[in-house]
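1. One predicted model, sequence on top.
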Amino acid sequence: MKVQNNRDNDIHILKTQFDELGISYTEGQIYKLIAYMNHILEWNKKVNLTAITDRDEFLIKHVVDSLLVVNLPEFAKGKTVLDIGTGGGFPGIPLAVMCPEKKFYLVDSLLKRIRIINQGIDELGLTNVETLHSRAEDLIKLEPYKRGLDVVVSRAVANMKKLSGYMLPYVKAGGVAIALKGPAAEDELVEAEEQIISLGGKNFQVRHIPANGYNHSVIIIEK
């Protein structure tokens, strides 16, 4: 009974959040997002993937937060997406579930995380995701990374000055880097401005997305 109650509550939370944010979804996508949460929480008993173990908090802070970019025009127009420092698969896996028409590349420096993500990809039957065990700075020699991708995303990896050095080399001309940041986004962007310009970034800005009673900050950098 508890499992069913959890499932019903999980479904309610996601549907309510998506309706408020104007995110389109199918029942199948909802079920896949919940299944991936279960996969990560189960593995989290053995491997430190997240400090968040409460189901409601996990759905809000990992799943919904990862999807705040889906309706951004800059994200929507991209066909290839690189998630640098994906950790437990965020934002990459939720985005791949909700955007089956896009191709996703998830990169992390810890092989154990990549193996866990790969198992989750297989369980969900996702065919639009590839993973790679690598440091961000080592990707430049490899395809398709050295050619550049339409969108590069990252979440909770580093401050923007450092992060821009990880992200911008892999954004192709006409593409965009999107970083999901916290309340210090404006300060981080000011501090990173010189670095961003030196890497070919332009028209950079902080976009605020209201969700769950807060203004979430997203840094967008065009190239």
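-> It's in.

2. Check the spacing between the spatially most central residue of the chain and Asn71 real quick.
-> Nearest residue to the geometric centre of the chain (Cα atoms, centre = their mean): Pro91, 1.8 Å. Counting by Cβ to Cβ, to the nearest Å, the gap between Pro91 and Asn71 amounts to 14 Å. C-betas here are computed from N, CA, C, even on glycine.

3. again, but for Asn159
-> Where Asn71 is concerned, Asn159 sits at a distance of 26 Å (Cβ to Cβ).

4. Flag the shaky bits of the protein, pLDDT-wise.
-> Confidence mapping of the chain against pLDDT under 70 gives the ranges 1-5.

5. Please enumerate the helices of it.
-> Residue ranges of the helices in the chain, as given by DSSP state H, are 2-21, 27-43, 55-58, 65-66, 73-76, 92-98, 111-124, 160-167, 185-198.

6. Can you tell me which of those helices is most buried?
-> helix 92-98 (a mean of 25; mean count of other Cβ atoms under 10 Å).

7. residues making contact with it?
-> 23, 25, 29, 32-33, 36, 62-63, 66-67, 69-70, 81, 83, 86, 102, 104, 106, 117, 120-121, 124, 126, 128-129, 153 (Cβ atoms under 8 Å, 6 or more residues apart in numbering).

8. Using a markdown table, lay out the helices of the chain together with distance to Ile219.
-> Listed next are the helices of the chain as a markdown table, based on distance: least, Cβ to Cβ, whole Å:
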| stretch | distance to Ile219 |
| --- | --- |
| helix 2-21 | 19 |
| helix 27-43 | 25 |
| helix 55-58 | 24 |
| helix 65-66 | 15 |
| helix 73-76 | 11 |
| helix 92-98 | 17 |
| helix 111-124 | 24 |
| helix 160-167 | 6 |
| helix 185-198 | 6 |
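
9. Val157: neighbour count?
-> 19 (other Cβ atoms under 10 Å).

10. Does it touch Ile84 like I think?
-> Yes. Here Val157 reaches Ile84: they are 6.6 Å apart, a contact under Cβ atoms under 8 Å.

11. Quickly list what's touching both of these two.
-> Tyr166.

12. For Val157, give me phi and psi.
-> phi -100, psi -50 (degrees, to the nearest 10).

13. now the closest residue to it other than its chain neighbours: how far from Ile121?
-> Among residues not flanking Val157 along the chain, Gly85 sits closest, at 3.8 Å (Cβ to Cβ, 6 or more residues apart in numbering). Separation of Gly85 from Ile121 (Cβ to Cβ): 17 Å.

14. now swap in Pro183 and tell me
-> In terms of Cβ to Cβ, Pro183 sits 32 Å off from Ile121.

15. How about Pro148: what's its closest non-neighbour residue?
-> If you look again at residue 148, you'll see it is Gly, not Pro. In space, Gly148 is closest to Lys172, 2.8 Å off (Cβ to Cβ, 6+ apart).

16. Sorry, slip of the keys, the one I care about is Ile40.
-> Closest to Ile40 by Cβ to Cβ, 6+ apart is Gly88, at 5.2 Å.

17. Number of residues surrounding that neighbour?
-> Neighbour tally, Gly88, other Cβ under 10 Å: 24.

18. what's near enough to touch it?
-> 40, 49-50, 62, 113, 116-117.

19. Perfect, I'm done here.
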